[in-house]
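Participant: Need a 3D model of the sequence below.
(one chain, ligands or ions: 1)
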Amino acid sequence: MRMMGLKSIVLAAGLALAGVGHAAPQVPASPAATPAAATASTTQATAPADAKPAAAAPTDPMLAMDGAPAMLPTPGVGMPVAGEYGLQPQVTKNGETALRFHNYILLPVITVISLFVLALLMWVMFRYRKSANPVPSKTSHNTFIEIVWTGVPVIILALIAAPSIGLLSAQFKPAPANAVTLKAIGNQWYWSYQYPDNGGFEITANMLKEPGEGQPGERTRTDADGPKLLATDNRVVLPVGVPIRLLTTSVDVIHSWSIPAFWIKLDAVPGRVNETSFTIEKEGVYYGVCSELCGARHGYMPITVEAVKPEVFAAWVKAKGGTMPGAGPATGKPAVAAPAQPVAVETNTNTTGPVENATSAAPATNQAVAAGNAGQ
Ligand SMILES: [Cu+2]
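Facilitator: This is a model prediction of the structure:
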């Protein structure tokens, strides 16, 4: 009887945990590891030396021809990599927390439960097969077992729920007053962006076509721009170490603004503004795609974010004809005369001088792109 009791308890625990196994979050699928991206990253490993001169043509080495900071993507960072099945390296606090949660709690729990249930099933199949166990047990109820197979999953779920709910609330924490606001607007099928705290200027981002695919004279993708299907003609430029208030909306159908390396995915819904916040901790170029099925060219509206030092961001804003907020809180108070009220980091004369050259060219670029979009 004692042996039967022990077996029953083990069986009960197995059955109970099987339920947990089904309820536990699935391992996320690979974030779109495309062979194309891999090819691009492979070539980038060797290409930057060749590609850089093209991007660094203007007088200010920090700013490219269109006024955007000249920064090359790092292979394997902020982009999918062929053959990988894990999450991308994270560059925000929430992303790092979530990555740890996934790697050190969820995956081990799922793995242990799956193996345990598999072992129990195998044991039952062989030990209690008809030929070896001709007289089956007629046990129908066991209060202790029922408590165990209810209690154990509850405890496991409660242990998972605590960090999970903390992460959930952190993802929707409102941005502080000194945040930089980025408004991402979904369009069929491209993104446009506004910087309401910086004079309200707007940029438009279209996917770059592959060499040979565009119209004669049209700018096409190079390795300096990033992977195929992910590189855009204009990048979203954001400062590192500064909270970003992300607002999303749409002018037509539901889109979704997503950058896997930021742990950000926020729907862009017509007639409504969604908000979240994040702080990028590392400079770099990060890629994402529209993550809500939005029509025929849904797969061709990528997102490219370039995270730069605050002083480079300030120089870029100026090159775009925008303004930097005064020394006080940033929200809704763009300075009228930006040069007279630089933020502390903007006093670097190397950034402010040559940027003037880019000021006239930059808006023209955007308008041309916007006009091109109108025809799509
Ligand atoms: Cu979309």
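Participant: can we go C-alpha only for contacts and neighbour counts from here?
Facilitator: Fine.
Participant: the strands in the stretch 101-250 of the chain, which residues?
Facilitator: Counting by DSSP state E, counting those that start in this stretch, the stretch 101-250 of the chain has strands at residues 180-187, 190-194, 202-205, 236-239, 243-250.
Participant: So which elements touch the helix or strand where residue 98 lies?
Facilitator: Assessed by DSSP states H and E, residue 98 sits inside helix 93-100. With contacts defined as 3 or more CA pairs under 8 Å, 6 or more residues apart in numbering; DSSP states H and E, helix 93-100 has these neighbours: helix 143-171, strand 274-279.
Participant: Of all those, which one comes closest to residue 213?
Facilitator: Closest approach to residue 213 among the helices and strands packed on helix 93-100 (CA to CA): strand 274-279, 35.4 Å.
Participant: what angle separates the closest one from strand 180-187?
Facilitator: 130 degrees (axes from the mean of the first three to the mean of the last three CA atoms, to 10 degrees).
Participant: ok and strand 274-279 relative to helix 143-171, angle-wise?
Facilitator: Using the same axes, to 10 degrees: strand 274-279 against helix 143-171 is 80 degrees.
Participant: Of all the residues in strand 274-279, which ones are buried?
Facilitator: For strand 274-279, a neighbour-count test (16 or more other CA atoms under 10 Å) marks 275-279 as buried.
Participant: Nearest to the ion: which residue in this protein?
Facilitator: residue 255 (4.0 Å; CA to the ion).
Participant: What does that residue show for phi and psi?
Facilitator: phi -120, psi -180 (degrees, to the nearest 10).
Participant: Return the residues in contact with it.
Facilitator: Residues near residue 255 by CA atoms under 8 Å, 6 or more residues apart in numbering: 186-187, 267-269, 290-294.
Participant: Next: residue 284.
Facilitator: 71-74, 77-78, 306-308.
Participant: Who are the contact partners of residue 206?
Facilitator: Applying CA under 8 Å, 6+ apart, the residues near residue 206 are 190-191, 232-234, 301-302, 373.
Participant: Mind putting these into CSV with distance to the ion?
Facilitator: Compiled in CSV, those are given as follows (distance: CA to the ion, whole Å):
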residue, distance to the ion
190, 7
191, 8
232, 14
233, 17
234, 17
301, 6
302, 9
373, 14
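Participant: Could I get those in TSV, plus columns for neighbour count and distance to residue 219?
Facilitator: Below are the contacts of residue 206 laid out as TSV (neighbours: other CA atoms under 10 Å; distance: CA to CA, whole Å):
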residue	neighbour count	distance to residue 219
190	22	16
191	25	18
232	28	11
233	19	8
234	25	11
301	28	17
302	26	16
373	18	14
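Participant: Can you add pLDDT and give those back as CSV?
Facilitator: Formatted as CSV, the contacts of residue 206 follow (pLDDT from 0 to 100):
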residue, pLDDT
190, 95
191, 96
232, 92
233, 89
234, 90
301, 95
302, 95
373, 41
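Participant: Residue 132: neighbour count?
Facilitator: Residue 132 has 9 neighbours, counted by other CA atoms under 10 Å.
Participant: how far away is it from residue 124?
Facilitator: According to CA to CA, to the nearest Å, residue 132 stands 11 Å off from residue 124.
Participant: Count residues in the vicinity of residue 112, would you?
Facilitator: 13.
Participant: if I pick it, what's in contact with it?
Facilitator: If you count contacts by CA under 8 Å, 6+ apart, residue 112 has none.
Participant: Can you give me the pLDDT of it?
Facilitator: On the pLDDT scale, residue 112 is placed at 96.
Participant: same deal with residue 164?
Facilitator: In this model, residue 164 is scored at 94, pLDDT.
Participant: and what of residue 85?
Facilitator: pLDDT, residue 85: 88.
Participant: Figure out the helix or strand that it lives in.
Facilitator: Going by DSSP H and E, residue 85 is not in any helix or strand.
Participant: now swap in residue 287 and tell me
Facilitator: Going by DSSP H and E, residue 287 is in strand 284-289.
Participant: hey, C-alpha coordinates of that strand in PDB?
Facilitator: The C-alpha trace of strand 284-289 is given here as PDB (Å, rounded to 0.1, in the frame of the first residue of the first chain):
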ATOM      1  CA  GLY A 284      23.700  51.700 -32.200                       C
ATOM      2  CA  VAL A 285      21.300  51.100 -35.000                       C
ATOM      3  CA  TYR A 286      18.300  49.000 -34.200                       C
ATOM      4  CA  TYR A 287      15.800  47.500 -36.600                       C
ATOM      5  CA  GLY A 288      12.200  46.500 -36.400                       C
ATOM      6  CA  VAL A 289       9.200  46.000 -38.700                       C
END
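Participant: rewinding a little: so which of the contacts of residue 255 also contact the ion?
Facilitator: 290, 294 (CA under 5 Å from the ion).
Participant: and the contacts of residue 255, which of them are in strands?
Facilitator: Within the contacts of residue 255, residues falling in strands by DSSP state E are 186-187, 267-268.
Participant: So what are the structural domains in the chain, by residue number?
Facilitator: Domain ranges of the chain: 2-27+92-134+141-171, 180-374, per automatic domain parsing.
Participant: residue contacts, residue 99?
Facilitator: Contacts here follow CA under 8 Å, 6+ apart; on that basis residue 99 touches 87, 90.
Participant: re the thing from before, mind listing what's buried in the strand holding residue 287?
Facilitator: 284-289.
Participant: Turn those into JSON lines, columns for pLDDT and distance to residue 102.
Facilitator: Shown next, in JSON lines, are the buried residues of strand 284-289 (pLDDT from 0 to 100; distance: CA to CA, whole Å):
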{"residue": "284", "pLDDT": "93", "distance to residue 102": "24"}
{"residue": "285", "pLDDT": "94", "distance to residue 102": "24"}
{"residue": "286", "pLDDT": "95", "distance to residue 102": "21"}
{"residue": "287", "pLDDT": "96", "distance to residue 102": "21"}
{"residue": "288", "pLDDT": "96", "distance to residue 102": "20"}
{"residue": "289", "pLDDT": "96", "distance to residue 102": "22"}
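Participant: could you redo those as JSON lines and give each row distance to residue 211?
Facilitator: Formatted as JSON lines, these follow (distance: CA to CA, whole Å):
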{"residue": "284", "distance to residue 211": "24"}
{"residue": "285", "distance to residue 211": "21"}
{"residue": "286", "distance to residue 211": "22"}
{"residue": "287", "distance to residue 211": "20"}
{"residue": "288", "distance to residue 211": "21"}
{"residue": "289", "distance to residue 211": "21"}
